[in-house]
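# coords below, sequence missing:
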Ligand code: MN
Ligand code: MN
């Protein structure tokens, strides 16, 4: 840089460099090593060795970045310019072992800590849902027990699969057992599809989660869902974990474990906008598998999810929710 910037460094100016050119960072933002410090860092975790069905989410970070080129500076619904009132930067990818899940967890732990040395908060792009466990371990050290608001078709609260206890179907059970999550403040949103048995739901409740099922949204809508989340979370430190399969396959076909009857991207974005000004300590968007995507539908949905989360993290006058 030729001069020391006086405020946040924003995306490359699209009136000077067309959106199909320029850097391949998220939203064409500066890289983390181009800024002194970031309020929010977008970081990729290209890991999918924890999947149980279709693989391919290791290509999620680069796909979501490519699908983020049309994100513009002003968010008219949240009424803020998220890249102008806080420094947002792209920290690149955390390199992790694709052959050994335990090693990968340590890699993600180390990688997240090193980005957090230079950024206040992370918005992580997966990768499969396994990555939420090491991220929650890191955040627990700073914030204590965290209210997890988990958007997913699936509970991800199973115990083991083929003897493996850390997979993309188990992160929130492990997190609950390890005392990382606030069992009085956590919630799943968008759950649907057949389960192994009714016990899946009773176990889930015993481990500290409440559920807003996808089918309930017909009755209560996104607004009623947001009210249920608000009543549950209060002012606790909150981590938002979004499996893109919470969206209906019509909105997000590019994912590993699709289930019919999901949210629209409009419903999901509306709920996320409602988190503006909450105590949001981190977030992820996971399970984007570009090999099954069409016309960047899933990538674009994930990019907008990240944009709304970054906007919701932006500082604004303290307000009740
Ligand atoms: Mn899922
Ligand atoms: Mn999941």
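Happy to help now that I have it. Here the structure is a predicted model, which is why all the values come from computation and not from measurement. Numbers count the residues shown, from 1 in each chain. Ligands and ions are numbered 1, 2, ... in the order given.
# what does this structure put close to ligand 2?
In this structure, the chain approaches ligand 2 at residues 129, 152, 156, 243, judged by Cβ under 5 Å from the ion. All C-beta atoms are positioned from the backbone trio N, CA, C, and that covers glycine.
# contacts only, for the second one.
So the one you mean is residue 152. 129, 188-191, 241-243, 245-246 (Cβ atoms under 8 Å, 6 or more residues apart in numbering).
# low-confidence regions, the stretch 101-250 of the chain specifically.
For the stretch 101-250 of the chain, no stretch has pLDDT under 70.
# residues from it in reach of ligand 1?
Contacts of the stretch 101-250 of the chain with ligand 1, taken as Cβ under 5 Å from the ion, map to 152-154, 243, 245.
# report how many residues lie close to the residue nearest to residue 217 when sequence neighbours are not counted.
Spatially, and ignoring its direct neighbours in sequence, residue 217 is nearest to residue 225 (6.0 Å; Cβ to Cβ, 6 or more residues apart in numbering). Counted by other Cβ atoms under 10 Å, the residues lying close to residue 225 total 24.
# hang on, residue 225 is in a helix, isn't it?
Yes - assessed with DSSP: H, G, I helix; E, B strand; the rest coil, residue 225 lies in a helix.
# how much space between it and residue 19?
33 Å (Cβ to Cβ, to the nearest Å).
# kindly report the same for residue 83.
Distance, residue 83 to residue 19, using Cβ to Cβ: 15 Å.
# element containing residue 241, please.
strand 238-243 (DSSP states H and E).
# what are the boundaries of the helices in the chain?
Using DSSP state H, the helices found in the chain span residues 60-66, 101-116, 132-143, 171-177, 199-206, 217-233, 265-273, 297-313.
# contact partners of the fifth one?
Judged by Cβ under 8 Å, 6+ apart, the contacts made with helix 199-206 from elsewhere in the structure are 155, 157-158, 173, 188, 195, 211.
# of those, grab the buried ones for ChimeraX.
Applied in ChimeraX, the following selects the buried portion of the contacts of helix 199-206 according to 16 or more other Cβ atoms under 10 Å:
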select :155,157,158,173,188,211
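# which one of the contacts of helix 199-206 sits closest to ligand 2?
Ranked by distance to ligand 2 (Cβ to the ion), the contacts of helix 199-206 are led by residue 155 at 8.5 Å.
# residues touching that closest one, list them.
172, 188, 191, 195, 200-201, 204, 209, 211.
# ok, the nearest residue to residue 276 once chain neighbours are set aside to ligand 2 distance?
Of all residues not flanking residue 276 in the chain, residue 312 sits nearest, at 4.6 Å (Cβ to Cβ, 6+ apart). In this view, residue 312 and ligand 2 are 21 Å apart by Cβ to the ion, to the nearest Å.
# what about residue 312, how many neighbours?
22.
# so it sits against residue 278, correct?
Yes - counting by Cβ atoms under 8 Å, residue 312 touches residue 278, with 7.1 Å between them.
# in the stretch 151-300 of the chain, which residue sits nearest ligand 2?
Closest point on the stretch 151-300 of the chain to ligand 2, by Cβ to the ion, is residue 243, at 3.4 Å.
# quick check: beta-bridge partners of that residue?
Going by DSSP bridges, residue 243 is paired in beta bridges with residue 286.
# contact partners for it?
Contact partners of residue 243, counting by Cβ under 8 Å, 6+ apart, are 129, 150-154, 156, 255, 286-287.
# repeat that for 6 Å
Residues near residue 243 by Cβ atoms under 6 Å, 6 or more residues apart in numbering: 129, 152, 286-287.
# looking at the residues you listed, which is nearest ligand 1?
The closest of the contacts of residue 243 to ligand 1 turns out to be residue 152 (Cβ to the ion; 4.4 Å).
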